[in-house]
Structures are given as C-alpha cells and as structure tokens.
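> fold the following.
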Amino acid sequence: MVPGAIFISHRSEYADLVKALKAVIQETAQGQISVFISEDIPKGDDWRAELEKSLQGAENLFLIYGAPYEDWSWCFYETGYFGAQPPCEGRERRIFCVKRKDIPVPSPLSHLQAIADETELVKALIEIYRQNKVDFDASDLRARVKAITAGRGVDVVYDPVGGAYSELALRDMAWNGRFLVVGFAAGDIPKIPLNLALLKGCSIVGVFWGAFTKNEAQKNRRNNEELMQLFVAGKVKPHIHATYPLERAAEALNEVLLKRVSGKVVLTT
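Next up, the predicted model:
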C-alpha cells in the first residue's frame, strides 16, 4: 500500500470530472499524493489484474456516485475489492462516497463516509494531506475543487429503465438538455411531472429505433454511415473491457453472465 494514495472509482461518463479532480489533487499536493483512475490502465487481457494492483496500492477510495438509476455494478466491485484489502503498517484504508445531498448512499454501502458537497470533499482531502504531512494551500484547494464540482446537469439522458428513476434523471438535466425515452426495464411506465421539462427548458424525446428504421429508412442509413465514419476516424471509441481468443468464448460469456464486464467483450480469431 502507498501511504495517502487515492483510487477514484467512477462510471465512464464521469471521466472528465475525475481526470480534473486527479489533476487538482496531484498539483495541490505537489505530487506527494498518488491518484489512480481506471483511465490510467492500458486496455487488454490484463486490465483487471492492473486495476486490482492499483486498488491494492491505494489507502483511500473515493466512489463518485452519480444517481441510483445508473448501473454501478463495476464500481461496487472495485469498492468491495478495495474494502477486502488488509490494513498496512497500522494505517486504516478508508472509503468515501462522493454524492449529491439529495441522493442517499446506496444501501450496500450505507456504512461509508458520505461526502455531499465540495466543502466536505475538501475537508476529506485536507485530512489526507495532513496525515501525510503534505504542505499545501487550503484556500487554493477549496477554490479549485469548487470550480470542477459546480454541477450544471447533464445534456442528454438515455433512459432504458423507466420506473421511479426517470423523474430523478429528469431532475438532473441541464438547460436545453434532451431526455431520451428508450424503454421501461424497471417494469413501470413513469408519470413525469411536466413542470420539470418547463423548468429545465429540456426536451423529452421518444426513441423507438425499430419504428425509426421503418418510417425513416434513409435517415437511419445515413446515421449508420456517419457512425461508421466516426469510428474509422477514431472519434468514437467503444470501451473494450477485454479481448478473448475464440476458443475462450465460454469464459468470455461467463464474465458477461456474472456481470463483471464494463463495456464490450471482443472475441478474436
């Protein structure tokens, strides 16, 4: 374990925020605090081993918890793996759940220390800095953390779940955002308070792709062509969790069934 080291667990859509937070921590701590994030690890067959090595080396874990309607299975795996590591040299490993005030800590992690705003986040970082005898400017740390955590909401919500989570997602919209109605995996069709669309200035758009391909075949073809062009140009980069040779296809499918996969699994021949 590296004294003071921090692992930040997050979903991919929070990557920009997490990269900014990592930079702030490393710069304000003058390089004396190491910060691990999953984007630092090259993708490949040994990605999980490298991830677990980073978790083993961290003394603190910050879980960036956005909203309950998102899939947090991989973040919970990271948090659980980190929590199972033994203390080192009498130093306690700590887990912080960084969330908004209006969102409860997920029930499996209700025992964690919750951080509900930038003030509490700065307080936790100051404690880590002082524990590790880091010389820092507290006012600079506060200003820089506040700058990157001032939330503006999300521009697009892709909602295939429905149920009670849809309204929560709609409340997270940025001005002029788009809420895409894709499906109702939760089982219940939500009743949305339309005043939220008014207050957010956002659009609620039905996305029925099957009907779209039939009713607007030309647009669908153009969309697919543009998507392929973006992929070839490297502007769209699907997250590849791991690659397996074809003879290990059963192993790859088992990983999917056990919900250990974040992104895509690719079979190679």
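> let me see the ranges of the helices in this protein.
Ranges of helices within the chain are 15-28, 47-57, 73-83, 118-131, 138-149, 165-171, 194-200, 209-215, 217-232, 249-257, based on DSSP state H.
> packing partners for the longest one?
It refers to helix 217-232. In terms of contacts (3 or more C-beta pairs under 8 Å, 6 or more residues apart in numbering; DSSP states H and E), helix 217-232 is packed against helix 209-215. (Glycine included, C-beta is placed from N, CA and C.)
> pLDDT on the helix it packs on, on average?
Rounded to a whole number, the mean pLDDT of helix 209-215 is 94.
> just the CA atoms of that helix, as PDB, please.
Only the C-alpha atoms of helix 209-215 are listed here, as PDB (Å, rounded to 0.1, in the frame of the first residue of the first chain):
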ATOM      1  CA  TRP A 209     -35.400   2.600 -33.000                       C
ATOM      2  CA  GLY A 210     -37.400  -0.200 -34.600                       C
ATOM      3  CA  ALA A 211     -40.100   2.100 -35.800                       C
ATOM      4  CA  PHE A 212     -37.500   4.700 -36.800                       C
ATOM      5  CA  THR A 213     -35.800   2.200 -39.200                       C
ATOM      6  CA  LYS A 214     -39.100   1.500 -40.900                       C
ATOM      7  CA  ASN A 215     -40.500   5.000 -41.000                       C
END
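> what's it in contact with?
Identification of contacts with helix 209-215 by C-beta atoms under 8 Å, 6 or more residues apart in numbering yields 219-220.
> mind listing what's buried along it?
Neighbour counts over helix 209-215 (16 or more other C-beta atoms under 10 Å) mark no residue as buried.
> returning to what we had before: wait, which of the helices of the chain is closest to residue 93?
Each of these has some distance to residue 93 by C-beta to C-beta; the shortest is helix 73-83, at 6.8 Å.
> and that closest one, how far out from the chain middle?
Taking the mean of its C-alpha atoms, helix 73-83 sits 12 Å from the chain's own mean (C-alpha atoms, centre = their mean, to the nearest Å).
> CA atoms only: put that helix into PDB for me.
In PDB, the C-alpha atoms belonging to helix 73-83 read as follows (Å, rounded to 0.1, in the frame of the first residue of the first chain):
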ATOM      1  CA  SER A  73     -22.000  -3.000 -10.600                       C
ATOM      2  CA  TRP A  74     -18.400  -2.400 -11.700                       C
ATOM      3  CA  CYS A  75     -17.900   0.400  -9.200                       C
ATOM      4  CA  PHE A  76     -19.300  -1.700  -6.400                       C
ATOM      5  CA  TYR A  77     -16.800  -4.500  -7.400                       C
ATOM      6  CA  GLU A  78     -13.900  -2.000  -7.100                       C
ATOM      7  CA  THR A  79     -15.200  -0.800  -3.800                       C
ATOM      8  CA  GLY A  80     -15.700  -4.300  -2.400                       C
ATOM      9  CA  TYR A  81     -12.300  -5.400  -3.700                       C
ATOM     10  CA  PHE A  82     -10.600  -2.400  -2.100                       C
ATOM     11  CA  GLY A  83     -12.500  -2.900   1.200                       C
END
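> and the gap between residue 113 and residue 132?
18 Å (C-beta to C-beta, to the nearest Å).
> quick one, which of the two is more surrounded?
Between residue 113 and residue 132, residue 132 has the larger neighbour count (other C-beta atoms under 10 Å), namely 15 against 12.
> number of residues surrounding the closest residue to that one other than its chain neighbours?
Distances taken as C-beta to C-beta, 6 or more residues apart in numbering place residue 4 nearest to residue 132, at 3.8 Å, with adjacent residues excluded. Look at residue 4: counted by other C-beta under 10 Å, it has 20 neighbours.
> which pLDDT value belongs to residue 4?
For residue 4, pLDDT reads 87.
> that one contacts residue 36, correct?
No - contact criterion C-beta atoms under 8 Å: residue 4 and residue 36 do not qualify, at 11.9 Å.
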